[in-house]
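Visitor: Sequence and predicted model, in that order:
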Amino acid sequence: MTQRQLDRLKQAMWLVSLSILAVPFVFPFLWMVSSGFKSATEIFGQPTLIPHVWRWTNFVEVFEYQPFAQQYFNSLYIASLVTILTLILSSLAGYALARMRFAGAGLLMLFLISALMVPEEVTIIPNFFLMRWLGLMDTHAPLVLLPVFGPHGVMATFLMRQYFVALPKELEEAGKMDGLSRLGIWWKIALPMSRPALAAVAIITFLFSWNLFLEPLVFLSSLDKFTLPLALSNFTDAYGLPLWHLQLAATSLAVVPILIVYLIAQRQIIESFAMSGVKG
Amino acid sequence: MTGSTDQTRARGFRVPWLTLKRREAIEAWLFVSPTLAGFLIFFLGPLIAVILYSMSEWNLLSGEQIFVGLANYEHALQENPEFWHVIRNSIVFAIGLVPMNMALALMLALALARPRRGVIFFRTVFFAPVVTSAVAWAIVWKFLLQGEGGTVNQMLAIIGIDGPNWLREPDWAMAAVIVTRVIKMVGLNMILYIAALQTIPRDYEEAARLEGASGWQVFRMVTWPLLAPTTLIIMVITSIGSFKVFDHIYLMTGGGPENGTLVLAFYIYEQAFEFFNIGYASALAMIMFMLVLALTIVQLILRRKGAT
């Protein structure tokens, strides 16, 4: 066998083995979307990826069964708010920790590092009472406050700090010469230079908030306040059994947009996770 | 909030005792104060509170809050066999998940680290479940794994295997949850490994190749040692993640069957928000905290040793 044939054989083996491995990763999505179009009885029939009868009405019923449009909107605006707040606060604090000298900075860092080691599950019980005392039960406030100020927010602060530390100092000096204040330097020089880090924080934060489950489960009780993850688990009949055709149609509606965004921006998204994992 | 107005305002405030250094310190504290305030209110305060709660007998439905010292911890560690069952489940979950996740992640990373036709496509595929919600993933797999009419069993039937009712049998439920969780999360570790592999200069490998090393030898003698720091970080992240698993359990098995998948995070949730045993749940939360802390510290020490 020549070298070229050997290379081809290797390439073919690589392709085949990865394709087989990919089945459990891809199949659930295909099956989910296709079953979203099936009737409840057809879902339980022989598995086919193309429905015999396309039931478009599933996608209408999803919105009639519970306030799904409202729940969709809730998830969107909460995730956007969490992302914007996290970006502002983490880049402010990260900038100060990286670029400014002040007594207590070391201690503060230590404080924040300790936060990364504490799972949200540990503080959720007292936070439940705190929110109840503040009268914020069954509102969206806990779903914004806890992610922004919890371990996730701290991780974002670190990510920003690491990035700011590595930026060249000269531009800041130039900014100072031009008479910019600290806030001006942060806003006009540091932030524009940190687009990759900001993008990483934004992507991870948005997905984190969008997919949050425990907090909505603990803090929300009204259907019209629900976020998507909670709404999805709520398509059940009077006996608590899942209404599979509606549940899968709704799940498709919730997941497919994220997947499309992911396909378009996959490079950026994957890099963001790589960056946060290594540095955070 | 433009630079020039700030500048004039700053000049107006230039009082003698406000040295440049002090000024910078004040500004810095202003920059960190929102984060710090939130940290104190929603994190440090609650952390202290949960320690106090954990030392009280407190059921939200029936009783008042009574100080009982370490009784909740004693109850968990000595009196309640359920606790050890839960810990055992959590350990089984971690032991099942962490090595499988890491080995598969490394394998995929090695296959997908170097540019090649199709690499981007496969990275996209293996990473896709990471960005989708655990809820969607759990819902779909819950159906696929049903005993009758479940797609996995229908496929097994084609090759003549009579599959079990995966999520309803204690022996299979844990395995099923672990495997579906690995498929969901392995993409993240794969990416971390790929990022690490890409920092290894190709020259090292080529040099070893020229010396006549086989593919396996190159991996064992060059790649694997260079990956050691990454491997440790991934191990920390993955083990902590596995100790915290909640949504998958809640949605796929609800801790069942016969408490076969009752893991620590779910147990805490159940005790706190279903049975309202706040004191006991807080003690459990503290135990979880200490486990995660111990894990982190051990691996940070390992990491420091590995780095030098």
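Guide: Here it is on my side, so go on. Residues are numbered from 1 along each chain as shown, chains lettered A, B, ... in the order given.
Visitor: Check whether B:Pro170 really touches B:Thr253, as I assumed.
Guide: No. Look at B:Pro170 against B:Thr253 with CB atoms under 8 Å: they stay out of range, at 9.8 Å. (C-beta placed from N, C-alpha, C; glycine too.)
Visitor: Now the common contact residues for these two.
Guide: B:Gly260 (CB atoms under 8 Å, 6 or more residues apart in numbering or on different chains).
Visitor: More neighbours: which of those two?
Guide: Each of B:Pro170 and B:Thr253 has its neighbours counted (other CB atoms under 10 Å in any protein chain shown); B:Thr253 has more, 25 against 13.
Visitor: For chain A, see how far away B:Ile95 is.
Guide: 19 Å (CB to the nearest CB, to the nearest Å).
Visitor: Next up, identify which helix or strand that residue is on.
Guide: Under the criterion of DSSP states H and E, B:Ile95 resides in helix B:81-112.
Visitor: secondary structure element for residue 269?
Guide: Assuming you mean chain A. A:Ile269 belongs to helix A:266-279, assigned by DSSP H and E.
Visitor: that's the wrong chain, I meant chain B
Guide: According to DSSP H and E, B:Tyr269 maps onto helix B:264-273.
Visitor: tell me the angle that helix makes with helix B:81-112.
Guide: 140 degrees (axes from the mean of the first three to the mean of the last three CA atoms, to 10 degrees).
Visitor: neighbouring contacts of helix B:264-273?
Guide: A:119, A:121, A:124-125, A:128, A:214, A:217-218, B:82-83, B:86-87, B:89-90, B:243-246, B:249-250, B:255, B:262, B:277-278, B:280-282, B:284-285, B:287-288, B:291.
Visitor: what does stretch B:198-207 give?
Guide: B:Ala113, B:Val218, B:Val222, B:Thr223, B:Leu226, B:Leu227.
Visitor: buried subset of the residues you listed?
Guide: B:Ala113, B:Val218, B:Val222, B:Thr223, B:Leu227 (16 or more other CB atoms under 10 Å in any protein chain shown).
Visitor: show me what contacts the first one?
Guide: Right, the one you point to is B:Ala113. Counting by CB under 8 Å, 6+ apart, B:Ala113 has contacts B:Tyr193, B:Ile194, B:Leu197, B:Gln198.
Visitor: Now, those residues that are in helices?
Guide: In this view, the contacts of B:Ala113 that belong to helices under DSSP state H are B:Tyr193, B:Ile194, B:Leu197, B:Gln198.
Visitor: Leaving out the residues flanking it, which one is nearest to the first one?
Guide: Closest residue to B:Tyr193 apart from its sequence neighbours, by CB to CB, 6 or more residues apart in numbering or on different chains: B:Ala109 at 3.4 Å.
Visitor: contacting residues for the one you found?
Guide: Per CB under 8 Å, 6+ apart, neighbours of B:Ala109: B:Asn189, B:Met190, B:Ile191, B:Tyr193, B:Ile194, B:Leu197.
Visitor: number of nearby residues for the closest residue to the third one other than its chain neighbours?
Guide: Meaning B:Ile191. The shortest distance from B:Ile191 to any non-neighbouring residue, by CB to CB, 6+ apart, is to A:Ala274 (4.9 Å). A:Ala274 has 20 neighbouring residues, counting by other CB under 10 Å.
Visitor: My guess is A:Ala274 contacts B:Tyr193. True?
Guide: No. Between A:Ala274 and B:Tyr193 there is no contact under CB under 8 Å: 9.6 Å.
Visitor: so how many other residues sit close to B:Val182?
Guide: Neighbours of B:Val182 (other CB under 10 Å): 23.
Visitor: list the buried ones in stretch A:113-120?
Guide: In stretch A:113-120, counting by 16+ other CB under 10 Å, buried: A:Ala115, A:Leu116, A:Met117, A:Val118, A:Pro119, A:Glu120.
Visitor: Now the first one: closest residue in space that isn't a chain neighbour?
Guide: The one in question is A:Ala115. A:Val154 (4.5 Å).
Visitor: elements contacting the host helix or strand of that neighbour?
Guide: Element membership of A:Val154, judged by DSSP H and E, is helix A:151-165. Here helix A:151-165 touches helix A:68-99, helix A:105-116, helix A:195-210, helix A:266-279, helix B:20-39, going by 3 or more CB pairs under 8 Å, 6 or more residues apart in numbering or on different chains; DSSP states H and E.
Visitor: For the fourth one, the averaged confidence score.
Guide: It stands for helix A:266-279. Taken as a whole, helix A:266-279 has an average pLDDT of 80.
Visitor: same deal with the last one?
Guide: Averaged across helix B:20-39, the pLDDT comes to 90.
Visitor: rewinding a little: make TSV from the helices and strands packed on helix A:151-165 and add distance to B:Phe121 to it.
Guide: As requested, the helices and strands packed on helix A:151-165 are exported to TSV (distance: least, CB to CB, whole Å):
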stretch	distance to B:Phe121
helix A:68-99	28
helix A:105-116	34
helix A:195-210	20
helix A:266-279	10
helix B:20-39	40
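Visitor: what about stretch A:259-273, distance to the chain center?
Guide: 12 Å (CA atoms, centre = their mean, to the nearest Å).
Visitor: Keeping just the C-alphas, turn that stretch into CSV.
Guide: Taking C-alpha atoms only, stretch A:259-273 is exported to CSV below (Å, rounded to 0.1, in the frame of the first residue of the first chain):
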residue,chain,number,x,y,z
LEU,A,259,-28.9,25.5,18.1
ILE,A,260,-29.2,27.8,15.1
VAL,A,261,-27.4,30.6,16.9
TYR,A,262,-24.8,28.0,17.9
LEU,A,263,-24.3,26.8,14.3
ILE,A,264,-23.9,30.3,13.1
ALA,A,265,-21.5,31.4,15.8
GLN,A,266,-20.1,28.1,16.8
ARG,A,267,-16.5,29.1,16.6
GLN,A,268,-17.0,32.1,18.9
ILE,A,269,-19.1,30.1,21.3
ILE,A,270,-16.7,27.2,21.5
GLU,A,271,-13.7,29.6,22.0
SER,A,272,-15.6,31.3,24.8
PHE,A,273,-16.1,28.1,26.7
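Visitor: which residues sit against it?
Guide: A:29, A:196, A:199-201, A:203-204, B:120, B:123-124, B:127-128, B:130-132, B:188, B:191.
Visitor: ok, now with 7 Å
Guide: A:29, A:199-200, A:203-204, B:123-124, B:127-128, B:131-132, B:188, B:191 (CB atoms under 7 Å, 6 or more residues apart in numbering or on different chains).
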